[in-house]
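Colleague: 3D, please:
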Amino acid sequence: QVQLAESGGGSVQAGGSLRLSCVASAGTFSFRIMGWFRQAPEKEREFVAAVNWSGRSTDTSDSVKGRFTISRDNAKNTVYLQMNSLKPEDTAVYYCAARPPYAGISYQAKDYSYWGQGTQVTVSS
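Modeller: Alright, predicted model coming up:
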């Protein structure tokens, strides 16, 4: 069982920045692909970014590429999402998710085994 806890959400104006954090409880954190997803009202949950075990390989969705950066600190069992140049369309609940140990990067929510409770990000124009 892996418990994930996100923090760092809030309300900002367009063009602003936020950094989300997600702390994992499990000792297998360093063997898991970690991802961020988001879900806006009445929309499906969508992939935002993922990072491999070492942190050297990342992937981000086209909608946030160049603005959002995912990173991880295995010593702290923590994954981050740095969000810059925020837009109103980035408004959503952001979720941290973990894949099974040794599994590869996936863009599909169904492939992630564990989820955090989510943190709200609201961007005003």
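
Colleague: Any regions of this protein where pLDDT drops low?
Modeller: Counting by pLDDT under 70, the chain has low-confidence residues at 26.

Colleague: most centrally placed residue in it?
Modeller: The chain has W36 as the residue nearest its centroid, 2.2 Å off, counting by CA atoms, centre = their mean.

Colleague: Where does the nearest residue to that one once chain neighbours are set aside sit, in terms of helix or strand?
Modeller: Spatial nearest neighbour of W36, chain neighbours left out: V48 (4.3 Å); criterion: CB to CB, 6 or more residues apart in numbering. For every residue, glycine as well, the C-beta is placed using N, CA and C. Under the assignment given by DSSP states H and E, the secondary-structure element containing V48 is strand 46-51.

Colleague: could you list every residue that touches V93?
Modeller: Contacts of V93 were listed using CB atoms under 8 Å, 6 or more residues apart in numbering, and they are 38-40, 118-121.

Colleague: one more time with 6 Å
Modeller: When the contact criterion is CB atoms under 6 Å, 6 or more residues apart in numbering, the partners of V93 are 39, 118, 120.

Colleague: so what's the last one bridging to?
Modeller: In this case it means Q120. With DSSP bridges applied, Q120 shows beta-bridge pairing to V93.

Colleague: can I assume it is in contact with G9?
Modeller: Yes: under the contact definition of CB atoms under 6 Å, Q120 touches G9, with a separation of 4.9 Å.

Colleague: So which of those two has more stuff around it?
Modeller: Comparing Q120 with G9 by neighbour count (other CB atoms under 10 Å), the higher total belongs to G9, at 18 against 12.

Colleague: ok, and the closest non-adjacent residue to S124?
Modeller: The spatially closest residue to S124, leaving aside those adjacent along the chain, is Q13, at 5.5 Å (CB to CB, 6+ apart).

Colleague: ok, that neighbour to A109 distance?
Modeller: From Q13 over to A109 the distance is 29 Å, taken as CB to CB, to the nearest Å.
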